[in-house]
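# Just the structure for this:
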Amino acid sequence: MQDIQWYPGHMTKTKRMLLTQMGLIDVVIELLDARVPLASRNPDIDTLAKDKKRVLVLNKSDLANEAITTRWEAYFRQLGFFTLPVNAKDNDKKKGGTAKLTALLKEIMRPKSEKQKQRGRINAPIRAMIVGIPNVGKSTFINQLAGRAGTITADRPGVTRGRQWIKVGSDFDLMDTPGVLWPKFDDQQVGLRLACTGAISDNVLDKITLATHLLTMLTGIDPIIIEKRYRVRTESNVTGEAALHLLTEIGAARGFKIRGGEIDIERAAVILLDEFRGGKLGRISLEWPEDGND
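Numbers count the residues shown, from 1 in each chain. Next up, the predicted model:
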C-alpha cells in the first residue's frame, strides 16, 4: 500500500503562526472527529499549546458509537483534558453543544476572571484558539457558536487559509486557524482512518483501495453493518481480494454496471465512502480508547 502523506505548504506556515499567537490565548480548543479521536488529534498541538488550558471537542458525535464516545471522554479526562461531545450541524445550540462549551470555558477561566475583577477588569472576554485537522467540522462549529455564517465552510479539506478573530457574544473572542495535519503518519492505519472519514483529500488514495480498507474495518467491527445496508453476505475481517470481491458484490446489489455488463466497482466505492461518512451505515466508531494504550 502506498504511504499516505499530505502536507501542503500553507500548513508549515500555519504552525509558525500558531506558535507566535499562542501568547495571546487563554484556552486552546481542539476539534476531533468522534469516530477517530486518536487519528484526528494533531500531536504538534501538544507541543504548541503545552502551557495552555485544553478542551477536546469530540465533533460529529452523532455519527459515532455513543457508548464508545463516552469511553473516549473518560480516557481524555484521565490525561488532564476537558472534553465535550458535540454535533456541529445541529442547529439547536443546546443540543449541538455550543452552549455547553461556553459554560465550560467560563468555568475553566473562573480563577483568572476573579483575579481580573479584583484588578477592575470586569467582563474581560476569554480569548480562545480553535484548532483541528482539515474537514473535522471546525468552520461549521464556529458558525454555530457565533450564531452566523462568519467563516468559510466547505465539505473538503483545507478551506480555511488564514487566521480569523471571531466575536462570540460578550463571553469570548475566538481565533480560528486553518486545519493542520502533521507531515508524516508513523502508523499508516492513522492515515487510512483519516482518509475514510474524509479528512484527507480523496485524491491522495484511489477510492477503490480506500473502500476495500474501509470494508476491512467495518467487517472487523461487525459484518452485520454491511449485510444490513447492502443485502450481501460477508464474513468478519475481510481483507485483500476478499474485500475487493465484497465491494463488487455491493456494486452488483446496487445495480451499478458499466458498458459490457461489468460491475462499476468505482461507483460502489464512492457510495460506500459517502454513506459511511454521512452516517447511513449507522453510528460507527473506528477507534477505541484501548488503541491509545498500544
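# Show the subsequent helix or strand relative to the helix or strand bottoming out on mean pLDDT in the chain.
Within the chain, confidence by mean pLDDT, DSSP states H and E is lowest for helix 93-96 among all helices and strands, at a mean of 57. Reading on from helix 93-96 to the C-terminus, the next helix or strand found by DSSP states H and E is helix 98-108.
# State the mean pLDDT of that following helix.
Per-residue confidence for helix 98-108 averages out to 84 on the pLDDT scale.
# how distant is it from the center of its chain?
Between the mean C-alpha location of helix 98-108 and the chain-wide mean there is a distance of 20 Å, by Cα atoms, centre = their mean, to the nearest Å.
# part of a strand, is Ala268?
No: for Ala268, which was evaluated using DSSP: H, G, I helix; E, B strand; the rest coil, the result is helix, with no strand membership.
# In terms of residue numbering, what are the domains of this protein?
According to the domain assignment given by automatic domain parsing, the chain is divided into the following structural domains: 9-176, 206-293.
# of those domains, which approaches Ala199 most closely?
Each of the domains of the chain was checked against Ala199 via Cβ to Cβ, and the shortest separation belongs to domain 9-176, namely 4.9 Å. In this view, the C-beta of every residue, glycine as well, is placed from N, C-alpha and C.
# can you give me how far that closest one is from the chain middle?
The chain centre lies 12 Å from the centre of domain 9-176; the measure is Cα atoms, centre = their mean.
# Please apply the same query to stretch 209-226.
Centroid displacement of stretch 209-226 relative to its chain, using Cα atoms, centre = their mean, is 19 Å.
# buried ones in it?
Using 16 or more other Cβ atoms under 10 Å as the burial criterion, the residues of stretch 209-226 that qualify are 209-219, 221, 223, 225-226.
# Now, those that are in helices?
Counted as lying in helices by DSSP state H, out of those, are 209-219, 221, 225-226.
# closest to Gly282 among the buried residues of stretch 209-226?
If you rank the buried residues of stretch 209-226 by distance to Gly282 using Cβ to Cβ, Ile225 comes first, at 6.2 Å.
# Quick one: residues contacting the closest one.
Under the criterion of Cβ atoms under 8 Å, 6 or more residues apart in numbering, the contact list for Ile225 reads 218-219, 281-282, 284.
# ok, now Gln189?
The neighbourhood of Gln189, defined by Cβ under 8 Å, 6+ apart, consists of Ala39.
# can I assume it sits in a helix?
Yes: under the criterion used here (three-state DSSP), Gln189 sits inside a helix.
# Show residues contacting stretch 208-219.
Taking contacts as Cβ under 8 Å, 6+ apart, the residues outside stretch 208-219 that touch it are 1, 192-193, 195-196, 202, 225-226, 234-240, 243-244, 246-247, 265-266, 268-270, 272-273, 276, 281, 284, 286.
# before we move on, the earlier item: dump the domains of the chain into a markdown table; add distance to Gln188 as well.
Rendered in a markdown table, the data for these read as follows (distance: least, Cβ to Cβ, whole Å):
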| stretch | distance to Gln188 |
| --- | --- |
| domain 9-176 | 11 |
| domain 206-293 | 10 |
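# right, so of the ones you listed, which gets closest to Asp187?
With respect to Asp187, and counting by Cβ to Cβ, the nearest of those is domain 9-176 at 8.7 Å.
# tell me the strands in the stretch 151-294 of the chain, going along the chain?
Listed from the start of the chain, the stretch 151-294 of the chain has strands (DSSP state E, counting those that start in this stretch) covering 164-168, 172-176.
# Let's have these in a markdown table, adding distance to Ile258.
Rendered in a markdown table, the data for the strands of the stretch 151-294 of the chain read as follows (distance: least, Cβ to Cβ, whole Å):
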| stretch | distance to Ile258 |
| --- | --- |
| strand 164-168 | 45 |
| strand 172-176 | 43 |
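# most neighbours per residue, which of the ones you listed?
Ranked by average neighbour count under the criterion mean count of other Cβ atoms under 10 Å, the strands of the stretch 151-294 of the chain are headed by strand 172-176 at a mean of 21.
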